[in-house]
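Trainee: no sequence for this one, just the structure:
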């Protein structure tokens, strides 16, 4: 599947974010714009702002920020394959959290014994 042949002249930012599957519903995209979680070319965007190819959109989501460049305009929700052709994702990779070094129990090993729980508490610094 590819981008629709007749792309619209202008598309609202909330409809475009919903169409490319950045948000599950259009009302969620509108609410994100209202809350200030969406920036269009580094300026807070209202839901009614229109996007054009070449615009940069920053979408703040829990734990990270997505940076999307508009490549094509669509206002209807399409499949993930077709949606991926409408933007370029410039999101930096998420930072890797350091491992705590806590021992991992094998799946199906059962409950830890009292001795095992004391060891885990000592490792966490609780006792």
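Mentor: Sure, I can see it. Keep in mind that what you see is a predicted model, and the values were worked out from it rather than measured.

Trainee: For residue 45, the count of nearby residues, please.
Mentor: 24 (other Cβ atoms under 10 Å). In this view, the C-beta of every residue, glycine as well, is placed from N, C-alpha and C.

Trainee: same thing with the one 4 residues further on?
Mentor: By other Cβ under 10 Å, 20 other residues sit near residue 49.

Trainee: ok, for it, nearest residue in space, not its chain neighbours?
Mentor: residue 13 (4.9 Å; Cβ to Cβ, 6 or more residues apart in numbering).

Trainee: before we move on, what about residue 19?
Mentor: Take residue 19 and drop its neighbours on the chain: the residue closest to it by Cβ to Cβ, 6+ apart is residue 74, 4.7 Å away.

Trainee: do the same with residue 32
Mentor: Nearest non-adjacent residue to residue 32 (Cβ to Cβ, 6+ apart): residue 38, at 5.3 Å.

Trainee: Am I right that the one you found is in contact with residue 17?
Mentor: Yes - contact criterion Cβ atoms under 8 Å: residue 38 and residue 17 qualify, at 7.0 Å.
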